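Undergrad: For reference, the sequence and a predicted model appear below.
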Amino acid sequence: MPASSFDTFFACTILVAAALVGTAFLVSTMQARIDGTQDINKGSYLKAIADHIITNPGSPIDWGISSTNPLDFGLAASESTAPYDLDVDKITRLSNLSNQSLSTFDLATSAKLNNIAFGISVSQIMTLAIEQTSNYTSGNEIFVNFTVSTVIDSKPASANLHCYVIAGGYVDTVNGSSSSSSGVSFIAVPVHGSSVDNALLLIFAQASFDDRITSYGVYNFADSMQETASSQRLPSPKDFTLNLPANISETLQNGYAFSYSAEQLLVYTHGVSQCRLPRLVDSSPLIIVMCGSDDGIPFEEWTAYPQVPLKTGVNFSDQEQNVFSYIVTINGVLYRLDLSLGDLPP
């Protein structure tokens, strides 16, 4: 082959190879863009589902106080115009302590998500850690010292504390204290020696910079530990009414409702299965404590309204999880809600 012909052939070969490489790069780039668009479209679609659940009251709009499952699942308060304002009773029905708790199947069916994994968790924005550090006896009373830490997003948070001790059916208010910028407070709690084995300590903490961030913690003296969930013997309230199970209503003596700035003795009729709860005006979770005696042994059982923290729905340990986080309002208090959705069906 003459030199000029060889040069021409070699140049053509280089051009063809370059064209093939360019085509492969273009195809790869286009595929990446297509895949990226699919991911964006999937994310937007799932986000729209999550937003609908948070901003829609569902059907019927009062399904939170109903005994039937919702036809359309939505958590918004029906009479509110504020964004992300949720219905306390709809949240309550997500708790496994509710008498009409929604199962994982009920959630998926009412949300029309039979082919998409679905889960919800609700938590307090500010968390409390209650630690007993020491105690001493003076006369008939035991003084127990506690360290209380308040944290928001893993960082110390300054907060004002209000504390209550319930023991032997009676209530003492412990002088409130303010945590420092380190988020740590120290309190001394007096308890009558004969009642210490069935006493509860309730601590409400309100963030110094926003009174809508109000959280609670409960310490059980009998177990010497902070309780993370309320009593299994008391169901979650509904429509500001506590429905008492038969196995406890006959043994009760009195009950109390507590919030950050208020306490109120409940009007309770012995042997009656229902007890109305007050609508305390401050921005605070409501803690209900029922006191009684079982075979001469006193007890205090508690529950929260709303029942937070809670987690319900699918366990995502072995599948894709798309989490959409919201700051929501329930009865004037701010909470964090995480709504999880699985991958779209093929």
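TA: On my side now, so go ahead. Keep in mind it's a predicted model, so treat the numbers as computed, not measured.
Undergrad: how about the helices in the stretch 101-250 of the chain?
TA: Assigned by DSSP state H, counting those that start in this stretch, the helices in the stretch 101-250 of the chain fall at 104-110, 246-249.
Undergrad: send the alpha carbons of stretch 298-309 over as PDB?
TA: Provided in PDB are the C-alpha atoms of stretch 298-309 (Å, rounded to 0.1, in the frame of the first residue of the first chain):
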ATOM      1  CA  PRO A 298     -50.500   1.200  96.200                       C
ATOM      2  CA  PHE A 299     -49.700   1.900  92.500                       C
ATOM      3  CA  GLU A 300     -49.400   4.800  90.100                       C
ATOM      4  CA  GLU A 301     -50.000   4.200  86.400                       C
ATOM      5  CA  TRP A 302     -49.400   6.800  83.700                       C
ATOM      6  CA  THR A 303     -50.100   7.600  80.100                       C
ATOM      7  CA  ALA A 304     -49.400  10.500  77.700                       C
ATOM      8  CA  TYR A 305     -51.600  12.500  75.400                       C
ATOM      9  CA  PRO A 306     -50.500  12.500  72.700                       C
ATOM     10  CA  GLN A 307     -48.700   9.100  73.000                       C
ATOM     11  CA  VAL A 308     -45.300  10.200  71.900                       C
ATOM     12  CA  PRO A 309     -42.700   8.900  71.100                       C
END
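Undergrad: What is the distance between it and the centre of its chain?
TA: Distance, stretch centre to chain centre, for stretch 298-309: 14 Å (C-alpha atoms, centre = their mean, to the nearest Å).
Undergrad: With respect to residue 345, which of the helices of the stretch 101-250 of the chain lies nearest?
TA: helix 104-110 (12.7 Å; C-beta to C-beta). Just so you know, the C-beta spots here come from the backbone N, C-alpha and C atoms, and that holds for glycine as well.
Undergrad: quick one: average pLDDT of the closest one?
TA: Regarding helix 104-110, the rounded mean pLDDT is 90.
Undergrad: List the buried residues for it?
TA: Residues of helix 104-110 classed as buried: 106-110 (neighbour count, 16 or more other C-beta atoms under 10 Å).
Undergrad: about what we covered before: any chance of the helices of the stretch 101-250 of the chain in a markdown table, plus distance to residue 328?
TA: Below are the helices of the stretch 101-250 of the chain laid out as a markdown table (distance: least, C-beta to C-beta, whole Å):
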| stretch | distance to residue 328 |
| --- | --- |
| helix 104-110 | 17 |
| helix 246-249 | 32 |
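Undergrad: Let me know which of the ones you listed is the nearest to residue 160.
TA: Proximity to residue 160 (C-beta to C-beta) singles out helix 246-249 among these, at 33.7 Å.
Undergrad: what about residue 117, distance to residue 43?
TA: According to C-beta to C-beta, to the nearest Å, residue 117 stands 16 Å off from residue 43.
Undergrad: before we move on, back to that, the buried residues of helix 104-110 into TSV, with extra columns for distance to residue 79?
TA: Shown next, in TSV, are the buried residues of helix 104-110 (distance: C-beta to C-beta, whole Å):
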residue	distance to residue 79
106	24
107	24
108	27
109	26
110	21
